[in-house]
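S.K.: Predicted structure and sequence below. I'll ask about it afterward.
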Amino acid sequence: MRRKALAALLAAALLGACTVPAPPEPWQSKFDADHALVGKIYDVRAASFVRLETLVSRLIGADIVILGEKHDNTDHQRLASRIVSELVPSKRPTSVGFEVLTSDRQAALDAGVAPSGRGFAPYARIAETARGHDLRIVALNAPDTMVRDARTRGLGSLDSVLAQRLGLDRALPEAQYQAIAKDMRDSHCGMLPETAIPGMVAVQRLWDAHMAERAAAAIAKGGLAILIVGGNHARKDLGIPASLSHVAPTMRSASVLFAEVSINRRTPEEHAKDYEAPALPFDFVWFTPRASNADPCAAFRRRTS
């Protein structure tokens, strides 16, 4: 009888080691919640699924953890908050940075002013988690005036010292430029005039490089910075990790994408097609349900008509 009980316990342990734990709260997003990938964490390099504990242990070894999310999916912000909480026991996290906050707000944040604004509302929970663990809130993004100048006048409008420091004083390789340009066209449903593309590419480059520098500067000795940014900014080939190779080449980064599943994509590898890449351009991907099944381009056309 004892042998059967031990066998049952061993079987249960083995089963638990092969499965991904369910989220601690129900999914807020309901579309495609029954997709086979929902809730699973995919290690891109190993081409295998991992448990949350394994993900956290890998992230602890980085200097900068980049969490890429979809701004209107509340599950993505919830999972980001969970990762922040999971990393805290390592005693390494020192700061949490937000794309939606511009760097000209940093002095107020350091003075204890709570981040606010309609655009920040979805991230309040993450900020509360960070402040609850005495982590510094960092405003990552470039000031609006700098962004406007880059969009209308190009990266040549930047201070020459800043442009050189951020690696923005040189042209992108053509393949990278075209990849970013295509993403700009696609994200605006093909409705951007071609004359707007160079300015949009310039802004994207500025955002990534500025956030990379801000993240590197925010790291205390031996510490860890956690960034909450839009999904494409977490791309290893085009986003913040690529900018870090110039801004802070000795920094180790790890990128995690919270990805809504696609009903037409059944495997992680098939989801790489959404990025026109041979493999998902992230270190890890945590799959979630979709927040909406509405056609985003239909809504975009209504707003711009």
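M.R.: That came through, no problem.

S.K.: list the helices and strands the lengthiest helix in the chain packs on?
M.R.: The helix that spans the most residues within the chain, counting by DSSP state H, is helix 197-218. On a contact count with 3 or more Cβ pairs under 8 Å, 6 or more residues apart in numbering; DSSP states H and E, helix 197-218 meets strand 93-102, strand 136-141, helix 144-153, helix 160-166, helix 174-187, strand 224-230, helix 240-247. All C-beta spots, glycine's among them, are computed from the backbone N, C-alpha and C.

S.K.: highest average neighbour count across those?
M.R.: Of all the helices and strands packed on helix 197-218, strand 224-230 has the most neighbours on average by mean count of other Cβ atoms under 10 Å, namely a mean of 26.

S.K.: now that strand against strand 136-141, angle please.
M.R.: 40 degrees (axes from the mean of the first three to the mean of the last three Cα atoms, to 10 degrees).

S.K.: in its sheet, what does strand 224-230 sit against?
M.R.: Sheet pairing for strand 224-230, assigned by DSSP bridges, gives strand 64-69 (parallel), strand 93-102 (parallel).

S.K.: Which secondary structure state is assigned to the residue lying closest to Ala36 once chain neighbours are set aside?
M.R.: Sequence neighbours aside, Arg266 is the residue nearest to Ala36 in space, at 6.8 Å (criterion: Cβ to Cβ, 6 or more residues apart in numbering). Secondary structure, DSSP: H, G, I helix; E, B strand; the rest coil: Arg266 is coil.

S.K.: re the thing from before, I'd like the helices and strands packed on helix 197-218 written out as TSV, with distance to Tyr42 added.
M.R.: Output for the helices and strands packed on helix 197-218, formatted as TSV (distance: least, Cβ to Cβ, whole Å):
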stretch	distance to Tyr42
strand 93-102	23
strand 136-141	26
helix 144-153	33
helix 160-166	31
helix 174-187	22
strand 224-230	19
helix 240-247	17
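
S.K.: Next, format the ones you listed as TSV and append mean pLDDT.
M.R.: Output for the helices and strands packed on helix 197-218, formatted as TSV (pLDDT from 0 to 100):
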stretch	mean pLDDT
strand 93-102	95
strand 136-141	97
helix 144-153	97
helix 160-166	97
helix 174-187	94
strand 224-230	97
helix 240-247	96
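
S.K.: Now distance to Pro296 too, for the strands paired with strand 224-230, in JSON lines please.
M.R.: Converted to JSON lines, the strands paired with strand 224-230 look like this (distance: least, Cβ to Cβ, whole Å):
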{"stretch": "strand 64-69", "distance to Pro296": "16"}
{"stretch": "strand 93-102", "distance to Pro296": "19"}
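
S.K.: picking that back up, which of the helices and strands packed on helix 197-218 sits closest to Ala299?
M.R.: In terms of Cβ to Cβ, the element of those nearest to Ala299 is helix 174-187, at 12.9 Å.

S.K.: hey, what's the residue nearest the centre of the chain bridged with?
M.R.: In the chain, the centroid-proximal residue (Cα atoms, centre = their mean) is Gly68; its distance is 1.4 Å. Counting by DSSP bridges, Gly68 is bridged to Val229, Leu257.

S.K.: now it: how far from Pro89?
M.R.: In this view, Gly68 and Pro89 are 23 Å apart by Cβ to Cβ, to the nearest Å.
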